[in-house]
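Student: I'd like to go over a predicted model; first the sequence, then the structure.
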Amino acid sequence: MAPTRSEIDSILSTIEVPGGNLVSTGMVREVEIEGSTVRVALVCPAALAASAPNIKATAERALLADPGIDTAEVTVRVMPPPQQVQGVASPQDDSWNNRIRGVRHVVPVASGKGGVGKSTVAANLALALARKGRKVGLLDADIYGPSQQLMMAPGEQPMANDQGKLRPVEGPGGVKLMSLGLIIPADQPVIWRGPLLMKAMEQLVGDVLWGELDELVVDLPPGTGDVVITLCQKLDLAGAVIVTTPQDVALIDARKALHMFQKMDEPVLGIVENMAGFTCPKCGHTEPIFGEGGGKRTAEELKIPFLGSVPIDPAIVVGGDSGRPVVEARPDSPAAKAFLGLADRVALALDAR
Ligand SMILES: Nc1ncnc2c1ncn2[C@@H]1O[C@H](COP(=O)(O)OP(=O)(O)O)[C@@H](O)[C@H]1O
Ligand SMILES: [Mg+2]
């Protein structure tokens with residue numbers, strides 16, 4: 001009888017590697033079962049590159065020991081080598097910044113909590129800046145749920161050059177994209193916490209061939225945890241964009257995000273209020289579903305610029321799922337216009353620095 005996926009996983013989980021086993025460390029990228037033939041694609045952190053042949057042989061042997069498996073083919077893809085990122089593990093080390101020397105402005109998009117539209121704002125801000133003729137990259141560093149690979153470039157795979165540097169994927173509007181979701185298995189990102197995860201992040205920041213960029217928009221993980229702080233300290237930020245929704249709970253979290261940047265002495269460009277109201281497509285009436293004016297009031301209270309409101313727009317959801325965010329798919333829609341206005345204010349603030 002053909003083995004099942006969970007049988008394969010339990011076999012692979014008997015193979016130990018530093019930090020756990022093949023399954024728990026997220027190294028299993030794909031499993032294909034065809035009768036008694038099993039093909040397994042593994043990704044291997046550069047730190048384990050020397051053990052790759054051994055891992056392959058051990059995995060094949062373990063699989064073949066199962067009576068249901070006659071043929072086992074294991075491939076191991078080594079992630080980019082760490083040489084280029086060594087020495088940047090400490091946040092104080094400036095060599096990190098030199099690696100993204102071609103980038104004029106690093107613009108993180110942050111939110112105190114998830115689900116407020118941070119990724120939507122990041123993608124559309126990047127596209128809107130590109131529409132203004134700027135050279136833009138988008139880095140998805142959201143370890144808890146990278147989504148830009150789906151929003152911007154479904155089906156694409158990044159390629160590494162001979163030195164293990166990653167070439168960004170070309171997204172819509174000429175925006176260059178790199179996402180954790182492109183280099184780690186989509187269903188297992190959380191497992192990449194700890195040293196393995198930081199390594200992947202360092203590669204994302206240090207080993208991507210961005211080329212010359214006016215702006216690198218960074219989709220940060222939500223919240224104000226260690227990963228966010230470390231990332232922000234490693235990047236030379238030009239100014240953060242904080243995303244909130246009008247609800248009080250979200251506004252409290254937006255304050256936390258602002259305080260985090262202030263504590264780190266990192267500049268903040270301002271607050272964007274997302275899902276600000278729903279405009280009825282039939283009668284044109286706008287209903288402030290989540291309250292009104294909260295983002296603006298909070299920005300005034302906190303003495304930071306208010307960068308604008310983005311309405312609730314069903315076109316955003318469609319765009320977000322189709323690989324063509326609303327600024328690209330429906331540039332005349334109210335939401336796209338709001339993002340273009342946001343990009344104007346962001347570009348103005350950045351150029352004034
Ligand atoms: N202004 C908006 N109007 C309608 N849907 C939106 C809007 N902003 C975000 N969404 C939808 O809300 C969900 C969460 O947005 P997302 O950008 O993934 O949030 P986050 O990155 O903060 O978790 C997505 O399905 C997205 O399409
Ligand atoms: Mg997101």
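Tutor: Thanks, I have the structure now. All figures in this text were calculated on a predicted structure; none of them were measured in a lab. Residues are numbered from 1 along each chain as shown. Ligands and ions are numbered 1, 2, ... in the order given.
Student: please, which helix or strand holds the one residue in the stretch 51-200 of the chain that gets nearest to ligand 2?
Tutor: Per CB to the ion, the residue of the stretch 51-200 of the chain with the smallest distance to ligand 2 is S119, at 3.2 Å. C-beta: built from backbone N, CA, C; applies to glycine. S119 belongs to helix 118-131 when elements are defined using DSSP states H and E.
Student: just give me how far that helix sits from the chain centre.
Tutor: A distance of 13 Å separates the centroid of the chain from that of helix 118-131, by CA atoms, centre = their mean, to the nearest Å.
Student: and it, anywhere near ligand 1?
Tutor: Yes - if you take CB under 6 Å from any ligand atom as the test, helix 118-131 does meet ligand 1, through 118-120.
Student: could these go into CSV alongside neighbour count and pLDDT?
Tutor: Shown next, in CSV, are those (neighbours: other CB atoms under 10 Å; pLDDT from 0 to 100):
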residue, neighbour count, pLDDT
K118, 28, 96
S119, 29, 96
T120, 25, 96
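Student: closest one of the residues you listed to M152?
Tutor: Comparing those against M152 with CB to CB places S119 closest, at 9.7 Å.
Student: where's that closest one relative to P325, distance?
Tutor: Distance from S119 to P325, counting by CB to CB, to the nearest Å: 10 Å.
Student: how about I252?
Tutor: Distance, I252 to P325, by CB to CB: 28 Å.
Student: in contact with the residue nearest the centre of the chain: list those residues for me.
Tutor: Geometric centre of the chain, nearest residue: D140, 1.9 Å, by CA atoms, centre = their mean. Contact analysis of D140 by CB atoms under 8 Å, 6 or more residues apart in numbering lists 119, 122, 146-149, 177-181, 219.
Student: so which of those comes closest to ligand 1?
Tutor: Comparing the contacts of D140 against ligand 1 with CB to the nearest ligand atom places S119 closest, at 3.3 Å.
Student: can you name the residues that contact that closest one?
Tutor: By CB under 8 Å, 6+ apart, the neighbours of S119 are 140, 142, 147-148, 151, 219, 320.
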